[in-house]
Each structure stands twice: as C-alpha cells, then as structure tokens.
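Undergrad: Predicted model and sequence follow; I will ask about them next.
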Amino acid sequence: MELISPAFAIFLIVVLAVYHILPARGQNVWLLACSLYFAASWRWEFAAILVVSILVNYFLGVRIARSEHHRKKWLVLGITLNAAGLVFFRFAAAGWMDLFFRYLAGYSPLSSQILLPVGFSFYTIQAISYLIDVSQKIIPVEDDLVNFGVFLAYFPHILSGPIERGKTFIPQLHTNRIVQNNILAEASWMILTGLFRKLVIAALLFTLLPEGVFTRPLEFAVSDRWIALLVYGFWLYNDFAGYTSLARGISLLFGIRLSPNFKQPFFARNMLDYWNRWHMSLSFWLRDYIFFPIQRGLVRRRMAPGHPVRIILPPLVTMLISGFWHNATFSLLLWGFLHSMYQMFDHLTVSRANHNDSARQSIWKQVALSFRVYILLLPTWILFATGGLKLAAQFTRSLTASGGLTRVRPLELVAPLAALLISFTLDALQEKNGEEYAVKSLCRIGQSVCVAVMILCIVLSILWSNVPSASFVYQGF
C-alpha cells in the first residue's frame, strides 16, 4: 500500500475516524493494529518479521533496564541480533545470498527470493538506538508492549523514516493527543508540500532521467547523460523530502510530531554542513551512535586531536556503515568512502568559527560554497544512481564519449527547469520561515494563491500522469 494511492487514502480516513473517538490507551492499541496491517499489506511475512522485532527488542530493553550486573551483555546481544538481521537482509537484497545458495546447489538455476522487509533498515537502527539509550539511562525503559510496538511499527514513517529516538517519540504516546486547529493547519501544509514535491517537482525532474540512462548511457546522447547527472540529486531530494513532509503531516493528524529530516541541503556551505541538512535523522543517528563513540574511544586512548587516526577513523567507519546501510554493494561502500574523504578534508580546513559565520558572508561567496558542495556530490551521485562499480565507471567514461541518440529537446527542458526554480524558491522560503509553514511571510492573498496553485498543479499532475499510485525512492532502502 503506497502512501500516495487511493487505497492508502481510504485506509487513512478509516484509521483517523476510529482513532479520534478512542481514549488515549485505545488510540495506541489501534495505531499498533493498523501499523501491523499496513506492513502486512505489502506481504504478511513483513508484518511477522516486524512483530518478532518488536517482541525481541521489548524483552531486551526490559532485561537491560533491570540487570545491573549483566546490562552490557544484554546490550551487546541486542545490538548483535539487530545488526545480524540487517546484515542478513542487506546481503540477501543485494543478491549475495542468492549467489551463496546457488553455490551450495552447484550453481543450479534457483533463487532464494529473500526480500528486504519493508522499513526493516529503518526500524532496526531505531531499535538499536533505543537499547543503547536505555542502557545509558538516557531514557527509561518502556514497560508497555503496545507503546513500544507503536514506536517501532508506526505506519506513517515505517517505509522511509524519519528515524525516531525513544526520548522524543515514546513520551508522546503517554499524553492525550488533541489535534487543534493550528496543528491541523500545519499538518495540511506539510501534506500539501510533500505531495507537491513528489507529484510536481520530482515528477517533472524525472522526465530528464530516461530509463537506462545510468546503466546504458551509450544509448543516449552525451548531453542527455550530463543532464541526467546534473538533475539526479535534485530529483532524489524532492522525492525523499516529499515523502518526509508527507509522513510528518500525516503523523500530525494523529497528534504525534515526527523529527525533521531535511533542512535545505543544497544551501550547505561545506560537506559537514550538508550532512547536518540531508537525511538528518540518519545523519544524527550515525553521529551519536557511531562517530562520537569512536571519537570517545580514541580520546580514552589519549590520542591528540590532530592524530591521523582521530582524523581518519571516525568519519571513515561512520560513512562506510552509512554506505552499507543503504545497500551491500561495493559502489555504495565507495560512496561512503568518498563522503568520508570529504568530511576529513572539511574537519581539517573548516573551523567552527567560520562554519558558524558562513551566513554573514556575501551572498556570492555563499553561492560559490554551495556550488562547490554540489560539484563534490556529482561523483557520489554516479555511484548512488548506477548501483555498481562497473556501471559507475562506464557512466563516468560516457560523459566524454560521443554517440547515442538525442532524447531531450530544448523545449522539453522548460518545465523541468521551472520545477527546479520552484524547488529552490520553496527551499528559500523554508530556510527563512521554517518547514512547518514556509509561506507564512507572504500576505494573506499571496498565501491563498500559493496554496491554490500548488493544489491545481498536484491535480493536473495526477490527471496528466494517469498513475493511481506513486512510490518513493527510499522505500528501497
């Protein structure tokens, strides 16, 4: 059941109608039941795996909280079980398990057909952070199995996040959630923004990404290859940011606030700033549970701040894990390695003072710094889009090779370029006014016109595409 589909719209209406007539305890039970049904709508096995994860991590959390002398052992067991599950399904989804089973069968033509459960990579690391926080007594253990189940399975964000922390999400399940008019207005704006980014901006940019351009580049003209590379990041951003905004808006309809996940990443002045703006819930998870623990371990070993190991090891391990989290392929490991190199360079060259004062620099210098970040991202997008080292090398070589058929004509660039301009304008308004209601600085008439135009564009996009549902890129992770 896709988030943008008639089936989900009906599902959401029914869930909301029942939810708001129930008491607080009943609301949580209802949310858990509906979340498991949502997972089962993809495959019943996915819901079963989710139930197992809920039960195992609930039990481990209780044991960690109540074991003074064996707390660390229970924590290690919990991290190991969750990490092992993620590794298994990552290898299976990447085809490594299929290759292994074929080897055992003497390379006979069989397939393991093991799929990555929907949302597994998201709720697994969410469970890991919960166990660590309980172990460190950052949060109390959640004794209520229903509440803990909602924490892991909550359907608005299970597909692609945001990755929630127990300290911000679980307390909301213990309060009376009343959706007042201001919250309803905020939720409506987020839903509208999410639909607009996905169905209008991302859809128009997608027209410049013909099928096969990254895997069979020589079939397309060199201009088409460059256009695809240059717009890929903006398309991915609007697709994923659209999902996050939609998920956060839907969640607010239940009175539950999810974490922000994007903060205008293409306005970043350096790569450190970029990762504080892109997929923030994952970036902060990696920072708090991978980067900082490695740094603290090296400090305990009395390594000086300028020691090469302290400069290299934390970002390298962190970004390699990030690459593996996205997919168990060599191309994404190289993607993580490249990002770690960028971060090392920025750690050495960008002082905290300069980073904090970047907004005071001239507009042209800020634009130049953001453009530098964009250029550095291009080789990482090649690795991300192609999904394989051989394909990435092939596409890179094709950028200077002739041949192929021209697909994109000059007039066909007008609408996507207009969408790109609108994307930057929306980002600028969000940077100024916040994501919750970006157009609030406009006059009343301006706000009304803006909302009306967005609704009209969404309706026209649905009618034009004639597609009853739309999936999001990060559902594959």
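TA: Great, that's in hand. As the structure is a computational prediction, the values presented were derived from the model and not from experiment.

Undergrad: Now do the phi/psi pair for the residue positioned nearest the centre of the chain.
TA: Nearest to the mean C-alpha position of the chain, by CA atoms, centre = their mean, lies residue 279 at 5.0 Å. The phi/psi pair for residue 279 (degrees, to the nearest 10) reads phi 40, psi 60.

Undergrad: what residues are up against it?
TA: 161, 240, 261-262 (CB atoms under 8 Å, 6 or more residues apart in numbering). Placement of C-beta: from N, CA and C, glycine included.

Undergrad: Farthest pair within those residues?
TA: Spatial extent of the contacts of residue 279 (CB to CB) is set by the pair 161 and 262 at 10.9 Å.

Undergrad: mind checking which helix or strand residue 12 is in?
TA: Per DSSP states H and E: residue 12 is located in helix 6-19.

Undergrad: The helix or strand following that helix to helix 6-19, inter-axis angle?
TA: As assigned by DSSP H and E, the chain's next helix or strand after helix 6-19 is helix 24-40. Here the directions of helix 24-40 and helix 6-19 differ by 160 degrees (axes from the mean of the first three to the mean of the last three CA atoms, to 10 degrees).

Undergrad: Quick check: buried residues in the helix or strand that comes right after helix 24-40?
TA: Helices and strands here follow DSSP H and E; after helix 24-40, the next one along the chain is helix 44-66. Under the neighbour-count criterion of 16 or more other CB atoms under 10 Å, helix 44-66 has 46-47, 49-51, 53-54, 56-58, 60-65 buried.

Undergrad: buried set for the longest helix along the chain?
TA: In the chain, assigned by DSSP state H, the helix with the most residues is helix 222-252. Residues 222, 224-225, 227-229, 231-252 are the ones in helix 222-252 that count as buried (16+ other CB under 10 Å).

Undergrad: Show me what the very next helix or strand once past it packs onto, helices and strands only.
TA: Note on helix 222-252: by DSSP H and E, the next helix or strand toward the C-terminus is helix 271-275. Applying 3 or more CB pairs under 8 Å, 6 or more residues apart in numbering; DSSP states H and E, we find helix 271-275 packed against helix 330-349, helix 363-386.

Undergrad: tell me how far whichever helix or strand comes after helix 271-275 is from the chain's mean position?
TA: Downstream of helix 271-275, the next assigned helix or strand under DSSP H and E is helix 280-286. How far helix 280-286 lies from its chain's middle: 9 Å, per CA atoms, centre = their mean, to the nearest Å.

Undergrad: List the buried residues in helix 280-286.
TA: In helix 280-286, counting by 16+ other CB under 10 Å, buried: 280-286.

Undergrad: do the same with stretch 9-27
TA: Residues of stretch 9-27 classed as buried: 11-12, 15, 19, 27 (neighbour count, 16+ other CB under 10 Å).

Undergrad: any weak-confidence spans in the protein?
TA: Scanning the chain with the threshold set as pLDDT under 70 gives 93-115, 351-360, 466-469, 476-477.

Undergrad: Was I right to think residue 399 contacts residue 228?
TA: No. Residue 399 is not in contact with residue 228 according to CB atoms under 8 Å; the separation is 10.2 Å.

Undergrad: Can you give me the domain boundaries for the chain?
TA: Per the record, the chain has its domains at 6-177, 183-270+350-476, by automatic domain parsing.

Undergrad: could the ones you listed go into TSV alongside distance to residue 296?
TA: Formatted as TSV, the domains of the chain follow (distance: least, CB to CB, whole Å):
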stretch	distance to residue 296
domain 6-177	12
domain 183-270+350-476	19
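
Undergrad: between the ones you listed, which gets nearest to residue 328?
TA: Residue 328 lies closest to domain 6-177 among these, at 4.2 Å (CB to CB).

Undergrad: For the longest helix of the chain, name the packing helices and strands.
TA: Short answer (3+ CB pairs under 8 Å, 6+ apart): helix 222-252 packs on helix 155-158, helix 181-196, helix 203-206, helix 363-386, helix 389-398, helix 414-433.

Undergrad: Please convert those helices to CSV, extending it with mean neighbour count and distance to residue 266.
TA: Below are the helices and strands packed on helix 222-252 laid out as CSV (neighbours: other CB atoms under 10 Å; distance: least, CB to CB, whole Å):
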stretch, mean neighbour count, distance to residue 266
helix 155-158, 25, 23
helix 181-196, 18, 16
helix 203-206, 22, 13
helix 363-386, 17, 6
helix 389-398, 17, 22
helix 414-433, 16, 7
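
Undergrad: Go through those helices and name the closest to residue 452.
TA: helix 181-196 (10.7 Å).

Undergrad: can you map out the helices along the stretch 51-200 of the chain?
TA: Counting by DSSP state H, counting those that start in this stretch, the stretch 51-200 of the chain has these helices, from start to end: 71-93, 96-104, 120-135, 145-153, 155-158, 166-169, 181-196.

Undergrad: Take these and lay them out in CSV including distance to residue 268.
TA: Rendered in CSV, the data for the helices of the stretch 51-200 of the chain read as follows (distance: least, CB to CB, whole Å):
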stretch, distance to residue 268
helix 71-93, 28
helix 96-104, 34
helix 120-135, 23
helix 145-153, 31
helix 155-158, 24
helix 166-169, 24
helix 181-196, 20
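
Undergrad: can you tell which of those is closest to residue 332?
TA: Set against residue 332 and scored by CB to CB, the helices of the stretch 51-200 of the chain come closest in helix 71-93, at 10.2 Å.

Undergrad: which residues are contacting the closest one?
TA: For helix 71-93, the surrounding residues in contact (CB under 8 Å, 6+ apart) are 53, 56-57, 60-61, 63-64, 67, 97-98, 112, 114-117, 120-121, 124-125, 127-128, 131-132, 135, 324-325, 327-328.
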